[in-house]
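Asker: Below are the sequence and a predicted model; questions follow.
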Amino acid sequence: MSLNQQAIHLRHREGSEGTRYVAIASGKGGVGKTLLSINIGRCLADSGNSVLIIDADFGLSNVHLMLGLTPQKNLTHFFYGDATFDDIIVKVRDNLSFISSGNGISELAKLPRDQVLNLVRRLQELAEDNYDYVIFDTPPGIHDDTLTVVSSSDFPIILTTPEPTAVADAYALIKIINRESGVEDFYLVVNKVEGDREGIKVYESVRILAEKYTRARISYLGSIRYRKTLIRKIIDQDPFDSGLTDDVYNILTKMDMDLIKPKRGFWNRILSGLFGK
Ligand SMILES: Nc1ncnc2c1ncn2[C@@H]1O[C@H](COP(=O)(O)OP(=O)(O)O)[C@@H](O)[C@H]1O
Ligand SMILES: [Mg+2]
């Protein structure tokens with residue numbers, strides 16, 4: 001176990017206060033949300049935490065494709081009583097599993113309210129009894145599921161690349177979530193950079209806009225280098241790489257799991273997101 005891994009491991013155990021919910025969102029698609037979700041999950045799992053990834057990007061659901069694991073059933077089957085937890089939880093490696101969300105979390109809103117309450121409480125029990133971290137890979141852009149999950153989470157991570165269109169869309173997403181849901185703290189990661197200086201520059205531009213036009217506060221978690229070799233690995237359904245792992249550990253260290261306590265009430269916030277305030 002590396003020092004980095006140990007640090008994160010200890011951090012969670014000492015300050016253990018229940019499950020933490022991390023949402024990974026972006027304005028633009030293709031910026032690396034799925035890659036980051038899987039790698040944050042893996043690094044936390046390798047550090048001794050029990051982790052569940054929920055692939056909530058139902059339109060472009062591809063956590064399973066990146067991992068080369070195909071679930072037979074998903075969260076939508078569970079919502080309609082056609083699957084149990086055992087049917088939908090796919091084990092990736094020790095301490096790391098994922099669930100595919102099927103048609104998405106908003107699907108719940110179509111069901112009768114008491115049934116939704118029951119299903120959400122069962123999901124809550126599953127998460128609280130078994131996992132230190134639940135990580136949501138969300139749909140890009142301004143989607144109901146993204147707004148609900150991001151505004152309910154303890155750690156809303158916004159991912160962008162240095163491309164101006166991705167940066168503009170990241171800022172737009174922050175602005176809308178801040179305005180619609182009152183979320184004030186966001187965490188920015190910049191992917192596909194040449195070096196961290198490029199990441200800091202992107203962060204500064206988003207921070208200045210957010211300070212001027214919104215009530216959002218943005219913290220910088222760091223950057224991930226563009227690595228040509230990753231594409232081959234993704235094709236081979238083995239989306240891990242030692243350089244990438246180092247970048248992700250740096251990001252996790254900055255998330256400072258101990259300082260930012262879980263807000264609690266994640267599932268209650270999901271319910272109010274589904275049913276309106
Ligand atoms: N740091 C990186 N270096 C090189 N290629 C990357 C990197 N991050 C992502 N990619 C490429 O971008 C593609 C999209 O990533 P993905 O995680 O699927 O994005 P999203 O989930 O945001 O749509 C990947 O298939 C991969 O080819
Ligand atoms: Mg994706």
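Answerer: Everything's here; your move. Ligands and ions are numbered 1, 2, ... in the order given.
Asker: Would you mind listing what in the stretch 151-277 of the chain touches ligand 1?
Answerer: Residues of the stretch 151-277 of the chain found near ligand 1 (Cβ under 6 Å from any ligand atom) are N191, K192, I224, Y226, R227, L230, I231, I234. In this view, the C-beta of every residue, glycine as well, is placed from N, C-alpha and C.
Asker: right, and out of those, which lies closest to I105?
Answerer: N191 (24.2 Å; Cβ to Cβ).
Asker: count of residues packed around the closest residue in space to that closest one that isn't next to it in sequence?
Answerer: Of all residues not flanking N191 in the chain, G32 sits nearest, at 4.0 Å (Cβ to Cβ, 6 or more residues apart in numbering). When counting by other Cβ atoms under 10 Å, one arrives at 22 neighbours for G32.
Asker: same question, N118
Answerer: 12.
Asker: Quickly find the element holding it.
Answerer: helix 113-130 (DSSP states H and E).
Asker: where does the stretch 151-277 of the chain have low pLDDT?
Answerer: 257-262, 277 (pLDDT under 70).
Asker: What parts of the stretch 1-150 of the chain come near ligand 1?
Answerer: Near ligand 1, when you scan the stretch 1-150 of the chain using Cβ under 6 Å from any ligand atom, you find S26, G29, G30, V31, G32, K33, T34, L35.
Asker: mind giving me JSON lines with these and columns for pLDDT and distance to V92?
Answerer: As requested, those are exported to JSON lines (pLDDT from 0 to 100; distance: Cβ to Cβ, whole Å):
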{"residue": "S26", "pLDDT": "97", "distance to V92": "22"}
{"residue": "G29", "pLDDT": "94", "distance to V92": "23"}
{"residue": "G30", "pLDDT": "94", "distance to V92": "22"}
{"residue": "V31", "pLDDT": "97", "distance to V92": "22"}
{"residue": "G32", "pLDDT": "97", "distance to V92": "18"}
{"residue": "K33", "pLDDT": "96", "distance to V92": "17"}
{"residue": "T34", "pLDDT": "95", "distance to V92": "13"}
{"residue": "L35", "pLDDT": "96", "distance to V92": "14"}
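Asker: ok, which stretches of the stretch 151-277 of the chain are helices?
Answerer: 164-181, 196-213, 228-235, 242-255, 266-275 (DSSP state H, counting those that start in this stretch).
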